[in-house]
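K.L.:
got a predicted model here, sequence first, then my questions.
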Amino acid sequence: MENNTQTDVNELMKRRIEEMNELRAMGINPYPYEYEVDNYSVNIKQNFEELEGKDVKIAGRIMAIRRMGKASFAHLMDKDGRIQVYVRRDDIGADKYKAFKLLDIGDIIGIDGYVFKTKTGETSVHATSMELLTKSLRPIPIAKEVVDENGNKTVYDQFADKELRYRQRYVDLIVNPEIKDVFVKRTYIIRKIREYLDTNGFLEVQTPILQPLYGGAAARPFTTHHNALDMKLYLRIADELYLKRLIVGGFDAVYEIGNDFRNEGIDRTHNPEFTMLEMYIAYKDYEWMMSFFEKMVEKLCVEVLGSTELEIEGTKVSFKTPWNRISMVDELKKETGLDVLSASKEDLKKELKKHNVDLHGGESVGKLIDELFEATVQDKLIQPTFVTDYPVELSPLAKKHRDKEGLVERFEGFVLGREICNAFSELNDPVDQRERFESQARALAEGDEEAHQVDEDFLKAIEYGMPPTAGLGVGLDRLIMLLTNQPSIRDVLLFPHMRPRS
RNA sequence: GGGUGCAUAGCUCAGUGGUAGAGCAUCUGCCUUUUAAGCAGAGGGUCCCUGGUUCGAGCCCAGGUGCACUCACCA
């Protein structure tokens, strides 16, 4: 990309380079080193009475210019928003005004001046001096905006091409600054999660991203190669097996927030790398984890979004605790009349057919039950709901249910029919764990590319003894999508993965 | 992976077989409280790519690429 400048130059860029050279000829460095900023757009507008007539030094990108001969107005955009500046030849001097005329939308300037209101009532800064801080060589997409008396903003010719917005997020952020709000919320949400876990005795840790064996979830991995060791490595698909090793080691409560990588399709809810939160706590079970998690989300809603009552895609959702709790088996009985635990494979298939579910063949009983759940129950779980106790085949790392044969102690949280977390009482019986791994290994051998490998080191770890433990995983991007009401994972990732363009 | 749709100037978009268009942005001139500033004029195009049909293709056909939506799978 570095050397594109020469081949990429169109007329607009040529013009800007010429202007830059003219500025240089006038003794102006188009890329100086610093500027002492002492105020910001929003603050000036909010404290007009106090600041009127006072001197301020602001800096920002020129977003609009209206030239009227020997005086001009411009809108500057700084970190908080826009403010108008008024630049008059007789105030900044003929030379500086000549330089000002060579500036373009997109250039970054510093303005020293006093605060005033124009005839039409717009809070502005009347420049007493102006400095170029950065010359912009590439034209930015122009979006004109009008703000009426009520503060309503109308944007004309908004930069709207989603592809370009994702590929050139830096331009998107300049031209559509309101999207910053989503990313700021994202940061606050993650900060509040850390705060909640830290104050509840959890220790944040970092475990390997490059792993000799992958595990902890059902997914295909990315592979890479370590040159010095001459070995294949996988990018992690989950943190689970390492975090549980830490529970074995005597950390009673740990969590990790970091990226996992899954070699799967890309769509509105999938990016190849995504941010995962996993937490594990000794001596607790999944019932405890349910309460702990719902309180965490409730707290996020209150502290970051200001309310437990959110409107998401036109639906009112209440995150106030306690959330609904339903058992998967009971709910399926209510919905279909079928007792899925005693039902035969044929009964399940018959029931699935009623709901137009296509099967690939070779599904286990557990998988059939899961399919039936997705077809009949999942979409109806609008308000936050925990679904408990899943078939054992689907959960090779979860502990068998203390009372219910064939099930494990597992729950998933659902909102608007979407899964937001997955948790269980962790399997800590090493003999049982070995059997589950072996059954997964058979599935892998039979072509299930998402099945687990046998992780002997992990087995060794829990053979030393892992205390009873509750664990939970949350895809944070999806949680943030939900809480900030964004329709695509790409809207909560600053730099979503895109196919390269030739 | 399947289906549907989109791709034309820096941006937003018209243009359904016959000279490539508009608004904004850019450039020139005028304009010292304007605000989608205004007035007068000018420049700017690999019509996504490759092939085909046709006297002639931005437009029709086939293939490809990218993106969006959607179904399937998953976090």
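P.N.:
Arrived safely, thanks for sending.

K.L.:
while we're on the residue in the stretch 51-200 of chain A positioned nearest to RNA strand B, how confident is the model there?
P.N.:
As assessed by Cβ to the nearest atom of the strand, RNA strand B sits closest to A:Gly69 within the stretch 51-200 of chain A, at 2.6 Å. Where C-beta positions appear, they are placed from N, C-alpha and C, glycine not excepted. The model reports A:Gly69 with a pLDDT of 93.

K.L.:
number of residues surrounding it?
P.N.:
6 (other Cβ atoms under 10 Å).

K.L.:
okay, it and A:Met231: tell me how far apart.
P.N.:
71 Å (Cβ to Cβ, to the nearest Å).

K.L.:
what of A:Val146?
P.N.:
61 Å.

K.L.:
one more: A:Arg186?
P.N.:
To A:Met231, A:Arg186 is 36 Å away according to Cβ to Cβ.

K.L.:
tell me the contacts of the residue of the stretch 51-200 of chain A closest to RNA strand B?
P.N.:
For A:Gly69, no contacting residues are found, by Cβ atoms under 8 Å, 6 or more residues apart in numbering.

K.L.:
what's the average pLDDT for stretch A:123-135?
P.N.:
96.

K.L.:
and the contacts of the helix or strand hosting A:Ile189?
P.N.:
Under the criterion of DSSP states H and E, A:Ile189 resides in helix A:180-199. Contact with helix A:180-199 is made by A:173, A:204, A:255, A:257, A:275, A:277, A:279, A:296, A:299-300, A:303-305, A:476, A:479-480, A:483-484, A:486, A:491-492, A:494, as judged by Cβ under 8 Å, 6+ apart.

K.L.:
same question for stretch A:487-502.
P.N.:
A:163, A:166-167, A:169, A:179, A:182-183, A:186, A:266, A:268-274, A:313, A:477-478, A:480-481, A:484, A:486.

K.L.:
got the domain boundaries for chain A?
P.N.:
Domains of chain A are assigned by automatic domain parsing as A:2-134, A:144-175, A:178-492.

K.L.:
where among those is average confidence lowest?
P.N.:
domain A:144-175 - the lowest mean pLDDT of these, at a mean of 84.

K.L.:
now check that one, is it near RNA strand B?
P.N.:
Yes. Counting by Cβ under 7 Å from any atom of the strand, contacts between domain A:144-175 and RNA strand B involve A:Lys144, A:Val146, A:Tyr156, A:Asp157, A:Gln158, A:Phe159, A:Ala160, A:Asp161, A:Lys162, A:Glu163, A:Leu164, A:Tyr166.

K.L.:
list the buried ones in that domain?
P.N.:
By 16 or more other Cβ atoms under 10 Å, the buried positions in domain A:144-175 come out as A:Phe159, A:Arg165, A:Tyr166, A:Arg167, A:Gln168, A:Arg169, A:Val171, A:Asp172, A:Ile174, A:Val175.

K.L.:
out of the contacts of stretch A:487-502, which end up buried?
P.N.:
The buried subset of those - by 16+ other Cβ under 10 Å - is A:166-167, A:169, A:179, A:182-183, A:186, A:271-274, A:477-478, A:480-481, A:484, A:486.

K.L.:
so of those residues, which ones are in helices?
P.N.:
In helices, defined here by DSSP state H, the members of these are A:Tyr166, A:Arg167, A:Arg169, A:Val182, A:Phe183, A:Arg186, A:Asp477, A:Arg478, A:Ile480, A:Met481.

K.L.:
tabulate these (a markdown table), appending distance to A:Ala59.
P.N.:
Shown next, in a markdown table, are these (distance: Cβ to Cβ, whole Å):
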| residue | distance to A:Ala59 |
| --- | --- |
| A:Tyr166 | 28 |
| A:Arg167 | 28 |
| A:Arg169 | 22 |
| A:Val182 | 25 |
| A:Phe183 | 22 |
| A:Arg186 | 26 |
| A:Asp477 | 33 |
| A:Arg478 | 37 |
| A:Ile480 | 31 |
| A:Met481 | 34 |
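
K.L.:
which one of these is nearest A:Asp239?
P.N.:
A:Asp477 (15.3 Å; Cβ to Cβ).

K.L.:
number of residues surrounding the nearest residue to A:Ser364 once chain neighbours are set aside?
P.N.:
Computed as Cβ to Cβ, 6 or more residues apart in numbering, the closest residue to A:Ser364 that is not its neighbour in sequence is A:Glu393, at 4.6 Å. A count of nearby residues for A:Glu393, using other Cβ under 10 Å, gives 20.

K.L.:
my guess is A:Val408 is in a strand, correct?
P.N.:
Yes. Per DSSP: H, G, I helix; E, B strand; the rest coil, A:Val408 lies within a strand segment.

K.L.:
tell me the contacts of it?
P.N.:
Neighbours of A:Val408 in contact, by Cβ under 8 Å, 6+ apart: A:Asp389, A:Tyr390, A:Pro391, A:Val392, A:Ser395, A:Ala398, A:Lys399, A:Lys400, A:His401, A:Phe424, A:Ser425, A:Leu427.

K.L.:
how close does it get to RNA strand B?
P.N.:
From A:Val408 across to RNA strand B, the span is 14 Å (Cβ to the nearest atom of the strand, to the nearest Å).

K.L.:
grab the nearest non-local neighbour of that residue.
P.N.:
Nearest to A:Val408 is A:Ala398, by Cβ to Cβ, 6+ apart, at 3.8 Å.

K.L.:
wait, the one you found touches A:Asp429, no?
P.N.:
No. The pair A:Ala398 / A:Asp429 is not scored as a contact, 11.3 Å apart, by Cβ atoms under 8 Å.

K.L.:
is RNA strand B contacted by the one helix or strand A:Met279 maps to?
P.N.:
Remark: A:Met279 resides in strand A:273-282, with elements defined by DSSP H and E. Yes. Strand A:273-282 lies within reach of RNA strand B by Cβ under 7 Å from any atom of the strand, at A:Phe274.

K.L.:
near RNA strand B, which residues of the stretch 101-250 of chain A show up?
P.N.:
Close to RNA strand B, as judged by Cβ under 7 Å from any atom of the strand, the stretch 101-250 of chain A has residues A:104-105, A:116, A:118-122, A:124, A:126, A:139-144, A:146, A:156-164, A:166, A:217-219.

K.L.:
narrow the residues you listed to those in helices?
P.N.:
Per DSSP H, those map to helices at A:Lys162, A:Glu163, A:Leu164, A:Tyr166.

K.L.:
may I see the residues you listed organised as CSV, with distance to A:Glu52 added?
P.N.:
Formatted as CSV, those follow (distance: Cβ to Cβ, whole Å):
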residue, distance to A:Glu52
A:Lys162, 42
A:Glu163, 45
A:Leu164, 41
A:Tyr166, 42
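
K.L.:
nearest to A:Val357 among the residues you listed?
P.N.:
The nearest one, if we look at these relative to A:Val357 and count by Cβ to Cβ, is A:Lys162, at 32.4 Å.

K.L.:
tell me how far the closest one lies from A:Asp347.
P.N.:
For A:Lys162, the distance to A:Asp347 - Cβ to Cβ - is 46 Å.

K.L.:
tilt between the helix holding A:Ile189 and helix A:476-483?
P.N.:
Counting by axes from the mean of the first three to the mean of the last three Cα atoms, to 10 degrees, helix A:180-199 lies at 120 degrees to helix A:476-483.

K.L.:
ok now helix A:180-199, how far from the chain's centre?
P.N.:
11 Å (Cα atoms, centre = their mean, to the nearest Å).

K.L.:
name the nearest of the contacts of A:Val408 relative to A:His355.
P.N.:
When these are compared against A:His355 (criterion: Cβ to Cβ), the nearest one is A:Pro391, at 17.8 Å.
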